[in-house]
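1. Let me see the structure of the following:
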Amino acid sequence: MRLRAVVFSILVFAVVLVVAVAGALWLGGGPALAWLLEHPLSAAMGRQIRIGGPLTVQWGSTTRIVAEDLHVANASWGSAPEMLAAKRVEIDVVTGSVLWGPTRVPLVALDGATLLLETSKQGEKNWRIAAAAATPKKRGEFPELQKATVSQGKLTYRNGETEATSVLDVKGMEFAAPDAGGPVGIKLDGRFQRLPLRLAASGGPVADLRAPEKPYPIKLDGTLGETHVASDGTVAEPLDVNGLDLNFSLEGRKLQQIADALGLPFPALPDFRGTSKLRGGNGHWKLDALTLALGKSDLEGGVEADTTGKVPYLKAELTARQIDLADFKGLYGDKPAHSSDAAPAAKPEGRLLPDTPLNVGKLPGANIDLAFDGTRVTPISGAPIDRLSLGLHIRDGALTLDPLRFQVARGAVDLKARYTPFTKEAAPRLNAELDVQHVDLRELLRNSTSETAKQTAGIVGGFLKIDSNGNSLHQLASGASGDVGLFMENGQISQLLEALAPLDVLKALGIYVSGDKPTPIDCVILRLGVDKGVAAAQTFLVSTTDAVVQGSGSVNLADETLNLTLKPLNKHFTFFSLRAPIDVTGTLAKPDYNVHAGVAIARLGAAVVFPPAALLTLVDKGLGERNACGEAYAAQQPKGEPQPKPPGR
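-> Got it, this is the predicted structure:
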């Protein structure tokens, strides 16, 4: 959108109106004026013009025109009948300047005006009216506007190609340039996308505005919502908003509010501050030397934007010396650390999975490529992450992570995901693949102060492939279908298990041999088939020194209920054992255990469902070659049964 085209269209309308009024009064007063407005003048403007109230003209060296109840029709393809409507319009024009130039306009005042600027699906602009063809092409040709005011106005911009709409409600606005040698001042008080907006700007003298040989200086200070913005620099072509060279800074709370006002999906974030340089124009923009601090995290890099196409394109390349993942808890609906914002609503009682809607209900009408690389990452648990890299892409309203990869605890985690938000035809949809390889639990938790964490060890791997609908973690879990695997070798998580289950339950499963002395866990193999929110155990085996615990049953993720049976099987003959099957019911937040005391425990053998060879191949990928799980179950499989080749051999 060119600023001069819009402004000059209004000024051209004023000049043409002066000529029309003069002719009408000369030819025959009111009837002639009405005819000129509705026929020749409307034809010249290319839009039907109607004045519902009185129109007065005060002649003199400065001619004053006051129109009540003014209406200008929209383009034929427009989303609303009118482009401009105003309760009152007052325009002062220096009469002689209309003929001899430059045109001098001491005042333009709008009261109760609503202006709709929009484009069609084909990119046509409704402000391209016939009179705008006379728009000056050079700064020196632009009229000398001394003062402009808007009271109780509204500006709406609608992109017909993306259907994105921005609304600026103006309580009061004033542009003042008292004389050609004095500075220009702008004040604005209103709301943008329902966020409070206050703006104060100053520029060079009007003479500099009309002088083409040097950039025009501008300084700005304002607030939007709870964000403060300051800018200082020059604009080579201010009437075209082109040739920007501005330094700016911003700081405040709730950066997601600003993003939401611009149609961008953002989670709740901590308090922030940042600086950058804005350059460009004619639809091509750059943010150079960008620095942004979010809580204890920092970002730097550059952003490029191209708004010349049918769909705007944004490319960002960012790096970080320090990322604290606690600052990004808002991604899953929790309150981020280092934020002065209020905490989100509490989870329903008895639930573990939050039902807070993820703030990606709609993705912006833009295509985005984001590359991020973080060299020092602090996870929420305090475990060190060696490196994090992210590729984020938005195409045609769908968000893709490819990849989200980080190295942690001598292992690696790799996530690929595609999220399609709400459409007219379907609910939000998520497709995700997660791959975890050789993560060392002892290394992962080495910085933890928890005694439970200090007693936890083992090598972990696994995978997740999921497809679901929803816009919160609880909804996504409730509708999920897919495949999940979790594997561990050489483990020791007894204190962690004790926090989850009573001691007598653990003893019944053979996790403890005496007192609180933990039994090493040689291997865990868990594979779940998930169908519409119900995760059923296809393979569930826990191998200790003396027994194998075999699990069966399911978990309903929609209501978070448990329906599991854990059955210990002896690896060798014992005269006495407290081991017994366990039924696990209740909920994830509050499980119930039922020990079947007195039930005879079978010897390991045909009673256990051994992992199939295909699953051991996945175990090999997650834990590495020659892992304890593959070797243990290959050796234990009953004679006469086909035995998978131990991994890595």
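
2. neighbouring strands for the helix or strand hosting residue 231, and are they parallel or not?
-> Here residue 231, judged by DSSP states H and E, is contained in strand 227-237. As defined by DSSP bridges, the strand partners of strand 227-237 come to strand 216-224 (antiparallel), strand 242-252 (antiparallel).

3. Check which residues of that strand are buried.
-> For strand 227-237, the neighbour count (16 or more other C-beta atoms under 10 Å) marks 227, 229, 231, 233-235, 237 as buried. C-beta here means a position set from N, CA and C on the backbone, and glycine is covered the same way.

4. next one: stretch 405-422
-> Those would be 405-409, 411-413, 415-421, for stretch 405-422 by 16+ other C-beta under 10 Å.

5. Which one of the buried residues of strand 227-237 is nearest to residue 78?
-> residue 237 (28.5 Å; C-beta to C-beta).

6. Quick one: residues contacting the nearest residue to that closest one once chain neighbours are set aside.
-> Nearest residue to residue 237 in three dimensions, chain neighbours excluded: residue 243, at 5.1 Å (C-beta to C-beta, 6 or more residues apart in numbering). For residue 243, the contact set (C-beta atoms under 8 Å, 6 or more residues apart in numbering) comprises 215, 234-237, 281.

7. pLDDT check: weakest of the buried residues of stretch 405-422?
-> Minimum pLDDT for the buried residues of stretch 405-422 is recorded at residue 421 (75).

8. gap between the residue nearest to residue 237 and residue 297?
-> Separation of residue 243 from residue 297 (C-beta to C-beta, to the nearest Å): 34 Å.

9. Could you measure from residue 386 over to residue 414?
-> 14 Å.

10. My read is that residue 468 contacts residue 479, right?
-> Yes - between residue 468 and residue 479 a contact is recorded at 4.6 Å, counting by C-beta atoms under 8 Å.

11. ok, the two, which is more surrounded?
-> residue 468 (22 against 19; other C-beta atoms under 10 Å).

12. and the host helix or strand of the more buried one, which residues are buried?
-> Under the criterion of DSSP H and E, residue 468 resides in strand 457-469. For strand 457-469, burial by neighbour count (16+ other C-beta under 10 Å) applies to 457-466, 468-469.

13. Please apply the same query to stretch 60-68.
-> Neighbour count says stretch 60-68 has 62-67 buried, by 16+ other C-beta under 10 Å.

14. could you give me the average pLDDT of the strand holding residue 231?
-> Taken as a whole, strand 227-237 carries a mean pLDDT of 91.

15. now swap in stretch 43-61 and tell me
-> So the average pLDDT for stretch 43-61 ends up being 80.

16. then that stretch to PDB, C-alphas only?
-> C-alpha atoms of stretch 43-61 as PDB (Å, rounded to 0.1, in the frame of the first residue of the first chain):
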ATOM      1  CA  ALA A  43     -17.500   9.600 -12.700                       C
ATOM      2  CA  ALA A  44     -14.200  11.500 -12.300                       C
ATOM      3  CA  MET A  45     -13.500   9.700  -9.000                       C
ATOM      4  CA  GLY A  46     -14.600   6.300 -10.300                       C
ATOM      5  CA  ARG A  47     -16.800   5.900  -7.200                       C
ATOM      6  CA  GLN A  48     -20.300   6.900  -6.300                       C
ATOM      7  CA  ILE A  49     -20.200   9.900  -3.900                       C
ATOM      8  CA  ARG A  50     -23.100  10.800  -1.700                       C
ATOM      9  CA  ILE A  51     -23.500  13.500   0.900                       C
ATOM     10  CA  GLY A  52     -26.500  12.900   3.200                       C
ATOM     11  CA  GLY A  53     -26.300  16.100   5.200                       C
ATOM     12  CA  PRO A  54     -25.600  19.800   4.400                       C
ATOM     13  CA  LEU A  55     -22.500  20.900   2.500                       C
ATOM     14  CA  THR A  56     -21.200  24.400   3.200                       C
ATOM     15  CA  VAL A  57     -18.500  26.500   1.500                       C
ATOM     16  CA  GLN A  58     -16.900  29.600   3.000                       C
ATOM     17  CA  TRP A  59     -15.100  31.500   0.200                       C
ATOM     18  CA  GLY A  60     -12.000  33.500   0.700                       C
ATOM     19  CA  SER A  61      -8.200  33.400   0.300                       C
END
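
17. all strands of the stretch 101-250 of the chain, in order?
-> 104-105, 107-111, 114-119, 144-145, 147-159, 165-176, 183-192, 195-205, 216-224, 227-237, 242-252 (DSSP state E, counting those that start in this stretch).

18. Residue 419 looks like it's in a strand, true?
-> Yes - looking at residue 419 with DSSP: H, G, I helix; E, B strand; the rest coil, it is inside a strand.

19. Residue 284 against residue 308, yeah?
-> Yes - shown here, residue 284 and residue 308 form a contact pair, counting by C-beta under 8 Å, at 7.0 Å.

20. who's more crowded, these two?
-> residue 284 (13 against 10).

21. where in the stretch 401-550 of the chain is pLDDT low?
-> 422-426, 448-454, 494-504, 506-508, 510-519 (pLDDT under 70).

22. ok, now which ones touch residue 407?
-> By C-beta under 8 Å, 6+ apart, the contact set of residue 407 is 385-387.

23. in which helix or strand would I find it?
-> strand 398-408.

24. And the helices in the stretch 451-600 of the chain, which stretches?
-> 451-454, 473-478, 494-500, 503-509 (DSSP state H, counting those that start in this stretch).

25. how near is residue 285 to residue 242?
-> 10 Å.

26. just residue 295 next, same as before
-> Distance from residue 295 to residue 242, by C-beta to C-beta: 36 Å.

27. same question, residue 306
-> Distance, residue 306 to residue 242, by C-beta to C-beta: 14 Å.

28. ok, residue 69 - contacts?
-> Residues counted as contacts of residue 69 (C-beta under 8 Å, 6+ apart) are 51-53, 86-87.
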